[in-house]
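Chemist: what follows is a protein structure lacking sequence information:
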């Protein structure tokens, strides 16, 4: 399965020369199980008469950044993480559409024509039940269903997807993470929660203890960090996966950073090499313990050895939950089948 082409402008979309397409639109923060239902419907649309390709449009930043900046929620995914997760689906292309004041004030019919119908040759639109677009959210799923036949395309509105009698939503997952329920959040996501960033130089304290760490620079101010603690993780670097553990917090024993400070330090098991400057995706598979201060570096090292053993056990046994590369279930989503398939 070839990776989808990524576009950040309409000119780049046109260079893809889209055929008659099925398209979906949204923020897709977290790319969770509810979004997966939208993706399933989108990819099934490739089998409809006259549909040759499937494309996705994701808005960045979150529209609230522009329209109601004081109401912006902490985000489950940065745009890099979102693209990485969405790219696991068998899409032809992904458009990252910059959301700004001009877009916020645009009539929904103009938005439809300029960003969906014409550039993608859109013949079918898949929307989540809560997807509204256009000025004052006037482009509702119900309105689109009424007006689409006159505009030359069909619409499929995907209902809410529930787990435990509650709708799966980005808000529900955020709350689970903030409250320290990583297992619940991962189950609702359908994949382990992700952090990502470029490795920057640290102070070398971990190496002195025999646990060298990669210090992540996480620049997105809206990114939701998991609570302070030690996590069993899998780390992706240049398409290679490594087991490891990560500390999130202020490193009270070795650094004693200010109370409000936080860092993400990742130790990879059985790794030799230089990670400085490389971009890492870190999958939080299980929380091992809360961060705490130790009386001495020696005590800290003993605890890190226990943490390493526990992380190795949980990652190796499957007890840590979903595989770190989960996110697309095996089956129709991963391959095309039928007409129009890629080799």
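Modeler: Sure, I can see it. What you are looking at is a predicted structure, and each value in this text was computed from that prediction instead of being measured. Numbering: from 1, shown residues only.

Chemist: okay, now residue 308: neighbour count?
Modeler: Using other CB atoms under 10 Å, residue 308 is surrounded by 19 other residues. Any C-beta I mention is one placed from the backbone N, CA and C, and that applies to glycine too.

Chemist: can you give the domain ranges for this structure?
Modeler: 5-165, 192-317 (automatic domain parsing).

Chemist: quickly, which of the ones you listed bottoms out on average pLDDT?
Modeler: Across the domains of the chain, domain 192-317 has the smallest mean pLDDT, namely a mean of 92.

Chemist: the domains of the chain: which one's closest to residue 181?
Modeler: domain 192-317 (9.2 Å; CB to CB).

Chemist: now do the contacts for residue 228.
Modeler: 248-250, 262, 290-291 (CB atoms under 8 Å, 6 or more residues apart in numbering).

Chemist: show the buried residues in those.
Modeler: Applying 16 or more other CB atoms under 10 Å to those, the neighbour count classes 248-250, 262, 291 as buried.

Chemist: which one of these is nearest residue 55?
Modeler: Nearest to residue 55 among the buried ones among the contacts of residue 228, with distances taken as CB to CB, is residue 248, at 35.9 Å.

Chemist: so for the strand or helix carrying that closest one, what gets flagged as buried?
Modeler: Residue 248 is part of strand 240-249 when elements are defined by DSSP states H and E. Using 16+ other CB under 10 Å as the test for burial, strand 240-249 gives 242-249.

Chemist: can you pull out the strands in the stretch 1-150 of the chain?
Modeler: Here the stretch 1-150 of the chain has its strands, by DSSP state E, counting those that start in this stretch, at 5-7, 21-26, 53-60, 93-98, 122-128.

Chemist: run a quick neighbour tally on residue 20.
Modeler: 16.

Chemist: would a markdown table of the strands of the stretch 1-150 of the chain with distance to residue 211 be doable?
Modeler: Compiled in a markdown table, these are given as follows (distance: least, CB to CB, whole Å):
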| stretch | distance to residue 211 |
| --- | --- |
| strand 5-7 | 36 |
| strand 21-26 | 41 |
| strand 53-60 | 36 |
| strand 93-98 | 37 |
| strand 122-128 | 43 |
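
Chemist: rebuild these as CSV, extending it with distance to residue 307 and mean neighbour count.
Modeler: Output for those, formatted as CSV (distance: least, CB to CB, whole Å; neighbours: other CB atoms under 10 Å):
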stretch, distance to residue 307, mean neighbour count
strand 5-7, 37, 17
strand 21-26, 38, 25
strand 53-60, 36, 23
strand 93-98, 37, 20
strand 122-128, 39, 24
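
Chemist: nearest to residue 114, of those strands?
Modeler: strand 93-98 (10.6 Å).

Chemist: how big is the angle separating that closest one from strand 53-60?
Modeler: 20 degrees (axes from the mean of the first three to the mean of the last three CA atoms, to 10 degrees).

Chemist: check which helices and strands strand 93-98 is in contact with.
Modeler: strand 5-7, helix 10-15, strand 53-60, helix 79-86 (3 or more CB pairs under 8 Å, 6 or more residues apart in numbering; DSSP states H and E).
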